[in-house]
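[1] Below are the sequence and a predicted model for it; my questions follow.
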Amino acid sequence: MFAYVRFRDDNEKRIVPVAACKHLKPNDTSDFNPRKWYKVFWKDETHCDHYHVRSTTEDDARKATEKRTSIPQRPGSDSSYSCSSNEVDGSFEEKKNLVLCEGCSRKPEQQVAPLPSPSIPGSPEVAHTSAREADYVPTDGEVHLGKGITIPEGLYSRLMSTKSETRFVREAAIAIYSTAGLLHKNVVGKTKMSHGGDPDASAVIQGKGQLDLDRPCGAVGSGETCWLCEDFPAWNSVIHALNLELAETAPGTLRLHFVPNSQKEDLMTAAREASVILSSLLCHHLCIQEVYLECVFSTNTPAPQPLFPISMRRQSSSPASRSLRKLRISESGSLVYRYCPANASVHLDLRDMDAVIGLQTLYVDLGRFSQCFAAEIDALLERNRNTLKNVEIFEARPAQNKLRMVEHLAACKVLALKSLEYGDIAAPDVDGMVSLLRGPTTLKEASVKPVLPRQLLLIAKALETNCCLTKLTLYVKTRDSVEELFAALEVNKHLKELFLNNVFYNDLNSSCMRAVASALKNNKCLQTLCMSGLNLPGGEMGQWSRALSKNDTLQLLSIHCKDIPISDVSALCEALRVNRSLKKLKLSEVRGSEEERSSLARQLLEGNCYDRVHLGHWTEPYLRVLSPVLASSDAGTTELWLSNIGELSHDSVSALFNALASNKKVTSLKMDVMLEPDHRVALLCETLKKNRFIEFLSINICNGNCANEILRALTVNSGITKLEMALRVPAVEKTAAAFSDMLSRNSAITNISVDFDTDDPQPLLEAYAQGLSGNRLIYRAGYGVRGGSYIPPSLNVPVRRNRASLNRAMDFVLERREDRHCVECFELFFGRSYLISSLVEIAEMSDVEARVGVASAENRRQEKYMILAGVVQRSVVCWPADVTQIDALNWECWRAIARYLKVADICLQ
């Protein structure tokens, strides 16, 4: 039996089981006291308690619909409360009351309270004017409603003329409290107990009233762009306090990122507020297609503190699905190596994963799959099996609960399965991946970390018949089954890249060496072979050299292991005299005397293969032989890696940097600077000022004075686009100023990463943020600091701004938008390589198509320059040649002029 009840707190009518009512055991539908107070139990997603209502009859209910509800008082700053366990326990003892409006023996599908007929006397449509009349006197254009509450006179007049009672209450409440203040509230300012919801959801951060949480998404059509893509910087200025971030990753596509800060004083309040904004954005804005969240999975591990739900769809909305392109979810505090303080137990709970469709990229990072959560992820994989292209699963400590749907991913191109690799931790389950490799599949790249010998054997067997996989990355714990892997490569005809990493630096025995040599000799498709963490037996590199002499497909061979004897390196280099397809041979930690190194350098020079062999950092013996060659126009070396230049002689450094100043082939330079400023540092700075062809610089600086000089040189450099820098210097004012000035004035760098390895990095971080604020080109910026350092919130703001400008430039190239702002952004990035690379990556264009598109966009800019610049509205009218000189300019003349002008050159008042 069920009872039809009305809750006193918010007048909400609901049908509840009679069993939920205390002290009510009716024998029939009329066996209840309409004047008696009852307790009723109500449970929803976030609350469970007994609540009460005032007793009434059906006539009372009709009269209540005609009665004007008084305007509530403005809630004070202390009106919010936390839903602690003590308060919940105490509220059980508080007397709650319930009224039975009528009984019913079955639960109808839907029932609403009847509304009075418009013809009934005293109805709201008839009596709304008299019911609202009051002795309110406007003062200074405002109407005082009482208790310090005032509203503008015009708004008051509009409210009083409203015919609908419900609309009057709604608009009056919004006028007094604002939309943000009324979120999850009813008109009396209390939480709707019958609806559930967060009891303190309106206690939001300062400035949240600036956010229009209810404004619908503007991207209703496929070719439309949401207003949030323009307004997200203003939103970030408010929501950054909750560790929330919006960024435009592609034209018209936003990413919503949340990683909680465990150092916040009130993590409970921050989590509550973040859940409100996260849910609102995800429910309202389909333009948010990428979601990065750190949360807890309620189906995985019970949380000791309350969970604040994140919803991806409105509960009352008709669509039962929510489209996403990329979903990245990490479990809060799940991994043993993460710092997890006691207050980090306040979690956000991601809901509605069963609604996600159209997913292309999925990344899951958690401690261990429970049975329920594994089933939930399996359902997600099954629902998106035809759209998922990239899947990465990191399960720190794999258990017996496995994912069953991996083998059914019909469109997957990249699959990575990982876990912690140390100790006796189990390896990730690869059965699904092996099933994909055995059958017809679209899988192009696969990665397993770590992989056990029996699993490696299964993968090797699958490679023998696989005809799709092109890249394979494996982290092995032992050398077992390595022979079988390379034996499979002898018959495989499609794998192009193999990365074999040994976790514990195991020795390769003679049989493994022979297997590798046989694969190099017989394989006809492998182009890249990288092996690291291996100890190679000495004296057996000759068989690899003979195999390479007969190989004509391998382009890169990289061996990263400890102490390779120089004699073995010399044997490998002999193969380069015959093998012309191998473009790079990378070897690290070569062991040999100075005389042996000089002999090897001469061998490389005589064999004309010095530019194809990379022996780690260049030492003094190499520099003496090879530095003079860099000055030649025929020099082919593209990468230079120098050790501490303080350990090199002045003559060698002088010869090297003098050659680099005019070299056009070297595009990558790595070095360490660990000395006081001297002639060598001065030569380095001059090289950085003059060279325009080095695109990548990785530099480690351990002296403050050197840092100042190098930063000044980088200020005027016009070639380096990617900079990796380690500043292991004191954060003094002079260095911070030089760093900030370099960032604001440099006109080439677009990608930067800085490691601040100092006791107090705060001044340098502030200089980093200040310098980036004046830079319009850097769209990727990273940093590294010691734990506990404060990161300025403004650090990422310029990067997001510049990324948005790059998207506007792509909009103009792709002809999605054609306005002055897009053209200005296009002019900013025109001629830079990363505009091409961004079109290739995001718009999925080929390199040729991207270059043609950029050239076409520049032609359109010149043709429509006068219109885009705002000089004319539609076109330029050319008068006869006998009028005036400027009037005689034809269309080709105007276009020629536009070649030397930018839209930004014309200022609009």
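    Perfect, thanks for sending it. Numbering: from 1, shown residues only.
[2] Low-confidence bits of the stretch 751-900 of the chain, can you list those?
    For the stretch 751-900 of the chain, applying pLDDT under 70 flags the ranges 788, 872-892, 894.
[3] the strands in it, which residues?
    Using DSSP state E, counting those that start in this stretch, the strands of the stretch 751-900 of the chain run over 751-756, 780-784.
[4] how close does the closest residue to residue 462 other than its chain neighbours sit to residue 414?
    Excluding its sequence neighbours, the residue lying closest to residue 462 (C-beta to C-beta, 6 or more residues apart in numbering) is residue 437, at 3.7 Å. For every residue, glycine as well, the C-beta is placed using N, CA and C. Residue 437 is 14 Å from residue 414, where distance means C-beta to C-beta, to the nearest Å.
[5] show me what contacts residue 538?
    If you count contacts by C-beta atoms under 8 Å, 6 or more residues apart in numbering, residue 538 has them with 565, 567, 568.
[6] quick one: which of those is most hemmed in?
    Most neighbours among those, by other C-beta atoms under 10 Å: residue 568, with 22 neighbours.
[7] For that one, give its distance to residue 542.
    Residue 568 is 8 Å from residue 542, by C-beta to C-beta.
[8] likewise residue 900?
    Here residue 900 is placed at a distance of 63 Å from residue 542 (C-beta to C-beta).
[9] do the same with residue 815
    In this view, residue 815 and residue 542 are 59 Å apart by C-beta to C-beta.
[10] okay, those two: which has more neighbours?
    For residue 815 versus residue 542, the count of surrounding residues by other C-beta under 10 Å is larger for residue 542: 15 against 11.
[11] What sits closest to that one if chain neighbours are left out?
    residue 571 (5.0 Å).
[12] just residue 452 next, same as before
    Nearest residue to residue 452, sequence neighbours excluded (C-beta to C-beta, 6+ apart): residue 427, at 4.8 Å.
[13] Let's verify the one you found: helix, strand, or coil?
    What DSSP: H, G, I helix; E, B strand; the rest coil gives for residue 427 is coil.
[14] Hmm, it is touching residue 455, no?
    Yes. With contact defined as C-beta atoms under 8 Å, residue 427 reaches residue 455; the gap is 6.3 Å.
[15] overlap in contacts of the two?
    Common contacts of residue 427 and residue 455 (C-beta under 8 Å, 6+ apart): residue 448.
[16] still on that earlier bit, need the overlap of contacts for residue 568 and residue 542.
    Counting by C-beta under 8 Å, 6+ apart, residue 568 and residue 542 have no common neighbour.
[17] distance of residue 816 from residue 802?
    Between residue 816 and residue 802 the computed distance is 19 Å (C-beta to C-beta).
[18] Also residue 685?
    Residue 685 sits 27 Å away from residue 802, going by C-beta to C-beta.
[19] do the same with residue 441
    As judged by C-beta to C-beta, residue 441 and residue 802 stand 39 Å apart.
[20] circling back: between residue 816 and residue 802, who's got more neighbours?
    residue 802 (22 against 16).
[21] Leaving out the residues flanking it, which one is nearest to that one?
    residue 779 (4.5 Å).
[22] So this protein: which segments form each domain?
    Residue ranges for each domain of the chain read 2-76+93-126, 204-355, 830-905, as given by automatic domain parsing.
[23] Give me the distance between the residue lying closest to residue 296 once chain neighbours are set aside and residue 397.
    Spatially, and ignoring its direct neighbours in sequence, residue 296 is nearest to residue 347 (3.6 Å; C-beta to C-beta, 6+ apart). Residue 347 sits 19 Å away from residue 397, going by C-beta to C-beta.
[24] More neighbours: which of the two?
    Looking at residue 347 and residue 397 with other C-beta under 10 Å, you find the greater number of neighbours at residue 347, namely 25 against 16.
[25] My read is that that one contacts residue 295, right?
    Yes. Using C-beta under 8 Å, residue 347 is in contact with residue 295, at 6.3 Å.
[26] Buried residues in stretch 789-803, which are they?
    Neighbour-count burial for stretch 789-803, counted by 16 or more other C-beta atoms under 10 Å, picks out 794, 795, 796, 797, 798, 799, 800, 801, 802, 803.
[27] likewise stretch 405-424?
    405-407, 409, 412-421.
[28] Sketch out the helices for the stretch 401-550 of the chain, chain order is fine.
    Secondary structure of the stretch 401-550 of the chain (DSSP state H, counting those that start in this stretch): helices at 431-438, 453-465, 482-491, 510-522, 542-549.
[29] which stretch among those helices comes nearest residue 557?
    Nearest to residue 557 among the helices of the stretch 401-550 of the chain is helix 542-549; the distance by C-beta to C-beta comes to 7.5 Å.
[30] pLDDT on that closest one, on average?
    In this model, helix 542-549 has an average pLDDT of 91.
[31] what's the angle from it to helix 510-522?
    Here the directions of helix 542-549 and helix 510-522 differ by 10 degrees (axes from the mean of the first three to the mean of the last three C-alpha atoms, to 10 degrees).
[32] following helix 542-549, which helix or strand comes up?
    Using DSSP states H and E, the helix or strand that follows helix 542-549 towards the C-terminus is strand 556-561.
[33] State the number of residues packed around residue 664.
    Neighbours around residue 664, by other C-beta under 10 Å: 11.
[34] which residue packs closest to it, ignoring adjacent ones?
    Leaving aside its sequence neighbours, residue 664 sits nearest to residue 693 (C-beta to C-beta, 6+ apart; 4.9 Å).
[35] which residues touch that neighbour?
    Here residue 693 is in contact with 663, 664, 665, 666, 667, 719 (C-beta under 8 Å, 6+ apart).
[36] and it, how far is that from residue 618?
    Noted for residue 693: a distance of 18 Å to residue 618, by C-beta to C-beta.
[37] which stretch in the domains of the chain has the least confidence?
    domain 2-76+93-126 (a mean of 52).
[38] re earlier: mutual contacts of residue 437 and residue 414, please.
    Shared contacts of residue 437 and residue 414 (C-beta under 8 Å, 6+ apart): 443, 446.
[39] give me the beta-bridge partners of residue 394?
    Judged by DSSP bridges, the bridge partners of residue 394 are residue 365, residue 418.
[40] OK, contacts around it?
    Residue 394 makes contacts with 363, 364, 365, 366, 418, 419, as judged by C-beta under 8 Å, 6+ apart.
[41] Residue 271 too?
    Residue 271 neighbours (C-beta under 8 Å, 6+ apart): 260, 308, 346, 347, 348.
[42] Tell me what the second one is bridged to.
    Applying DSSP bridges to residue 308 gives these bridge partners: residue 348.
[43] From residue 243, how far off is it?
    Separation of residue 308 from residue 243 (C-beta to C-beta): 14 Å.
[44] When those two are compared, which one has more neighbours?
    residue 308 (24 against 17).
[45] Surely the more buried one is in contact with residue 350?
    No. Using C-beta under 8 Å, residue 308 is not in contact with residue 350, being 10.5 Å away.
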